[in-house]
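Please find the sequence and the predicted model below.
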Amino acid sequence: MAGASSTLAAARADAFALPLEQVNVAQPALFQADAHWPYFERLRRDDPVHYCAEHDYGPYWSITRYNDIMAVDTNHQVFSSDSGYGGITIAGSAVLEEPLRMFISMDPPKHDVQRKAVTPVVAPANLERLAPIIRERAARCLDDLPIGETFDWVDRVSIELTTQMLATLFDFPFEERRKLTRWSDITTAIPGFGIVDTLEQKTQEMRECFAYFADLWNQRVNAPPAGDLISMLAHSPATRNIDPKEYYGNVMLLIVGGNDTTRNTLSGSVLAMHQNPDQRAMLDGDHGLLPGMVSETIRWQTPLAHMRRTAVADIEFQGKRIKAGDKVVMWYVSGNRDDTVIDEPDRYRIDRERPRQHLSFGFGIHRCLGNRLAELQLQIVWEEILKRFPVIEVVEEPKRTYSTFVKGYETLRVVIPRRL
């Protein structure tokens with residue numbers, strides 16, 4: 001994988017040679033090449049609240065240090081998530097025919113009541129109910145993997161297990177569960193770069209998705225209340241009369257939140273262990289390190305690279321004048337590598353003293369709803385891996401996602417030499 005190191009070396013030379021005003025970190029190609037790191041290092045050092053005047057989706061501020069990101073994330077009074085201002089991604093509505101209304105792209109009080117409607121699905125009692133289901137499926141999936149043959153971990157394990165869990169959470173027809181993966185990928189895809197060819201194709205497939213979920217709503221609203229997400233939305237007093245567009249938006253939020261994050265962290269965990277065999281040896285010697293390994297992987301991977309806000313008032317922030325209407329991008333992927341807060345942040349270390357000190361789940365009112373479920377899934381899958389496989393070898397450079405939002409993997413080719 002020498003090509004990756006040469007790409008990174010070229011990126012480093014470029015990142016530190018560019019005039020600051022020309023640094024533009026919001027380039028999908030940088031993330032796909034895993035070459036974004038030195039540009040964020042430069043901004044954290046030289047201009048942690050950085051203004052980029054020219055971009056395909058308009059000018060934007062980059063917030064790149066841990067504590068500054070936390071300050072923005074917890075100040076929803078000034079930094080709004082509302083889709084009316086552009087929502088939670090740097091692209092805003094530019095990659096959709098019309099913006100989706102979902103509770104993550106709302107401000108209080110509407111955000112709070114819609115989020116509350118689906119919170120029971122991640123309540124401790126429900127996680128306890130889900131744990132044996134996750135374990136049984138993980139065991140079956142891992143037992144079906146070939147030994148001594150190259151295969152794609154993303155498809156065979158990461159997508160399969162997360163999509164099975166999504167189907168359970170939605171009480172979605174199990175045999176059609178891969179539709180959820182497709183719809184998740186389409187939601188965040190940039191047309192013309194591999195997932196969909198055109199905005200028209202994307203719009204058409206999204207309409208098919210919405211029609212499918214409209215049918216599920218009609219089924220659940222006419223049935224007794226149940227424990228799945230659609231039934232919760234259909235029967236909660238806060239959401240049973242919800243605008244259909246908001247229902248579709250919340251469905252897509254829950255699909256993407258449940259799919260992309262866990263799926264890409266699970267793939268990232270295999271890559272991290274391959275690249276850091278000393279950490280795998282440490283984990284083999286002490287399974288008590290597993291909760292810390294899960295949290296460290298979520299930090300190291302940072303499955304969603306950024307969240308965006310829009311300033312609704314002028315504000316002086318770290319010596320910079322951010323004006324009302326300005327786009328403000330919190331780069332979680334950069335904050336998670338801030339060495340003023342996290343010791344040796346570029347190292348993958350499963351024995352950190354405070355492994356849950358990371359930004360990957362966000363902070364404040366929009367902190368990831370399913371963070372405990374994501375941690376539970378990763379923990380159980382790795383408990384089952386440790387019972388079976390002494391090593392999982394990554395045999396070629398992974399193909400990464402073309403996105404500045406989803407930081408993930410399209411393919412991860414591996415070989416498992418033997419079972420325990």
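Yep, it's here.

Any idea how far apart the tips of stretch 397-405 sit?
Distance across stretch 397-405, first residue to last, is 21 Å (CA to CA, to the nearest Å).

buried residues in that stretch?
By neighbour count on 16 or more other CB atoms under 10 Å, the buried set for stretch 397-405 is 397-398, 400-405. In short, each C-beta sits where N, CA and C put it, glycine included.

out of these, which are inside strands?
Using DSSP state E, the subset of the buried residues of stretch 397-405 located in strands is Arg400.

and the two most separated of the buried residues of stretch 397-405?
Glu397 and Phe405 (21.6 Å; CB to CB).

Residues contacting the helix or strand containing Glu375 from elsewhere in the structure, which ones?
Using DSSP states H and E, Glu375 maps to helix 371-388. With CB atoms under 8 Å, 6 or more residues apart in numbering as the test, helix 371-388 has contacts from 122, 124, 127, 130-131, 134-135, 138-139, 142-143, 157, 161-162, 165, 258, 261-262, 265-266, 269, 283-284, 287, 290-291, 293-295, 297-298, 361, 368, 392, 419-420.

ok now that helix, how far from the chain's centre?
17 Å (CA atoms, centre = their mean, to the nearest Å).

Likewise for stretch 253-271?
Worked out by CA atoms, centre = their mean, stretch 253-271 lies 6 Å from the chain centre.

This protein: strands as residue ranges?
49-52, 60-63, 79-80, 151-152, 306-311, 315-317, 320-322, 327-331, 393-394, 399-400, 409-411, 413-415.

any chance of those strands in JSON lines, with distance to Gly92 and mean pLDDT too?
Below are those laid out as JSON lines (distance: least, CB to CB, whole Å; pLDDT from 0 to 100):
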{"stretch": "strand 49-52", "distance to Gly92": "15", "mean pLDDT": "98"}
{"stretch": "strand 60-63", "distance to Gly92": "10", "mean pLDDT": "98"}
{"stretch": "strand 79-80", "distance to Gly92": "12", "mean pLDDT": "94"}
{"stretch": "strand 151-152", "distance to Gly92": "32", "mean pLDDT": "98"}
{"stretch": "strand 306-311", "distance to Gly92": "7", "mean pLDDT": "95"}
{"stretch": "strand 315-317", "distance to Gly92": "20", "mean pLDDT": "98"}
{"stretch": "strand 320-322", "distance to Gly92": "17", "mean pLDDT": "98"}
{"stretch": "strand 327-331", "distance to Gly92": "8", "mean pLDDT": "97"}
{"stretch": "strand 393-394", "distance to Gly92": "35", "mean pLDDT": "98"}
{"stretch": "strand 399-400", "distance to Gly92": "23", "mean pLDDT": "96"}
{"stretch": "strand 409-411", "distance to Gly92": "24", "mean pLDDT": "96"}
{"stretch": "strand 413-415", "distance to Gly92": "35", "mean pLDDT": "98"}
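
Looking at these, which is nearest to Asp185?
The nearest among these, by CB to CB, is strand 409-411 at 9.2 Å.

Given the closest one, what are its sheet partners and their directions?
Take DSSP bridges as the rule and strand 409-411 pairs in its sheet with strand 399-400 (antiparallel).

what does the partner strand contact?
31-34, 407-412.

filter those residues to the buried ones?
31-33, 407-410, 412.

any weak-confidence spans in this structure?
1-3, 93-102, 105-106 (pLDDT under 70).

tally of neighbours for Asp155?
When counting by other CB atoms under 10 Å, one arrives at 14 neighbours for Asp155.

wouldn't it be in contact with Leu412 here?
No - between Asp155 and Leu412 there is no contact under CB atoms under 8 Å: 9.0 Å.

Show me which helix runs longest in the protein.
Longest helix in the chain, counting residues (DSSP state H): helix 244-275.

how about the nearest residue to Pro146, chain neighbours excluded?
Ile416 (7.5 Å; CB to CB, 6 or more residues apart in numbering).

out of the contacts of strand 399-400, which one sits closest to Tyr66?
Tyr66 lies nearest to Lys407 out of the contacts of strand 399-400, by CB to CB, at 17.0 Å.

in stretch 26-40, what counts as buried?
26, 28, 30-33, 35-40.

circling back: which of the buried ones among the contacts of strand 399-400 lies closest to Ser6?
Closest approach between the buried ones among the contacts of strand 399-400 and Ser6, by CB to CB: Ala33, at 10.8 Å.
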